[in-house]
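[1] 3D model of this:
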Amino acid sequence: TVATLMDFAGCLDDGVLFHYVLPVSRTRALIETTVFGPRPLSTARLTKYQNAALDKACGGHRRTIVRSEGGVLPMGMTQVAPPLGDGYARAGVMSGGARASTGYAFQRIQRWARDSARVLSNGGGVTGHAADPLIHRGMDQLFLRVVRSNPEGAAELFLSIFGMHDPMRVIRFLTDSCSLSDYAAVIASLPTGVFLREMWSGMWTRSGNRLEFV
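    The predicted model follows:
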C-alpha cells in the first residue's frame, strides 16, 4: 500500500545503489533496482541486487516474476548532435529529453510533443527540445560532479533534498517548473561545503606547467 522512492541500499565502489517499489495491487508491484554511477554494471551483478530487493519487498514469501527489463540512461550529457535540416528534429533521451541529474524524461518528452503539436497546428516548423535554463544546467552538472567524487555521501544529498519542509518545492524542481525561490530552497537544503569544494576543484585543471580554466 506504500510506494517507496529511492530506498538506498548502500554505496558501491562504482556508484550508488537504491530501489523503487510501486504497488499496483495487493499482490503485484513494480520493483526497480537502480545504480547511479559512471559506468554500467553487468547484467549478472545488477540481477543480484535486484533479487535482494525482491527478497526485501516480499519478505521471503513465494513470488512470480511476470516481466523483467533493463536499460541504461545517459546522465549529464552536454553535447547535442547537430540539427538534421528543415522538417526534421531530434527528440528523446539523446537530444535533451531527459533531466541531466535525475534521468526523468517522460513528462519532459510529453511536454515537448504537446508544444510541437501546437506549433505545427499553427503553421510553424519542427523544433527539438528547448535548452534548459543556465541555472538549471549548472546545478545539475555540479550535483553530478559531487555525486561522482563523493558517492558515499550521495544518499545524504538526496535525503536532504527530499527532506525539505515544503515537498512541493522538490516536485517543482524535479519537474522543471520551479521558481528562483525554489532553486534557493534546494541549494539551502544541501551541505554548502562539499559543493563549494567541488566548484573550486573543477574550476582549474593542471596541464603541463600551467593551469587552465575549465
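
[2] OK, contacts around the closest residue to Asp166 other than its chain neighbours?
    Among residues not flanking Asp166 along the chain, Ala185 sits closest, at 7.2 Å (Cβ to Cβ, 6 or more residues apart in numbering). For glycine as for every other residue, the C-beta is placed from the backbone atoms N, C-alpha and C. Residues touching Ala185, when contacts are defined by Cβ atoms under 8 Å, 6 or more residues apart in numbering, comprise Met164, Asp166, Arg169.

[3] where's Ala185, which helix or strand?
    Assessed by DSSP states H and E, Ala185 sits inside helix 180-189.

[4] do Ala9 as well
    With DSSP H and E as criterion, Ala9 is part of strand 4-12.

[5] what pairs with that strand, parallel or antiparallel?
    strand 15-23 (antiparallel) (DSSP bridges).

[6] what strands line up against the helix or strand following the partner strand, and which way round?
    Beyond strand 15-23 on the C-terminal side, the first helix or strand identified by DSSP H and E is strand 29-36. Based on DSSP bridges, the strands next to strand 29-36 in the sheet, each with its direction, are strand 15-23 (antiparallel).

[7] what lies in contact with the strand it pairs with?
    Here strand 15-23 has contacts from 1-11, 29-38, 41, 49, 53, 56-57, 147, 151, 154-155, using Cβ under 8 Å, 6+ apart.

[8] mind redoing it with 7 Å?
    When contacts are taken as Cβ atoms under 7 Å, 6 or more residues apart in numbering, the neighbours of strand 15-23 outside the stretch itself are 1, 3-10, 29-37, 49, 53, 57, 147, 151, 154-155.

[9] quick one: mean pLDDT over that strand.
    Strand 15-23 shows a mean pLDDT of 89.

[10] chain center to it, what's the gap?
    Centre-to-centre, strand 15-23 and its host chain are 13 Å apart (Cα atoms, centre = their mean, to the nearest Å).

[11] buried ones in the helix holding Ala185, by neighbour count?
    Within helix 180-189, the residues that count as buried by 16 or more other Cβ atoms under 10 Å are Asp182, Tyr183, Ala185, Val186, Ser189.

[12] where do the helices sit along this protein?
    Ranges of helices in the chain, per DSSP state H, are 43-58, 106-121, 134-149, 154-162, 167-174, 180-189, 192-203.

[13] about what we covered before: the helix holding Ala185 vs helix 167-174, what angle?
    Between the direction of helix 180-189 and that of helix 167-174, the angle (axes from the mean of the first three to the mean of the last three Cα atoms, to 10 degrees) works out to 100 degrees.

[14] pull the number of nearby residues for Gly96.
    21 (other Cβ atoms under 10 Å).

[15] wait, Leu142 touches Glu198, no?
    Yes - counting by Cβ atoms under 7 Å, Glu198 is a contact partner of Leu142 at 6.4 Å.

[16] which helix or strand in this protein has the lowest average pLDDT?
    strand 210-213 (a mean of 36; mean pLDDT, DSSP states H and E).

[17] ok, back up a step: need the buried residues of helix 180-189 in TSV with pLDDT, can you?
    As requested, those are arranged in TSV below (pLDDT from 0 to 100):
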residue	pLDDT
Asp182	86
Tyr183	85
Ala185	88
Val186	86
Ser189	87
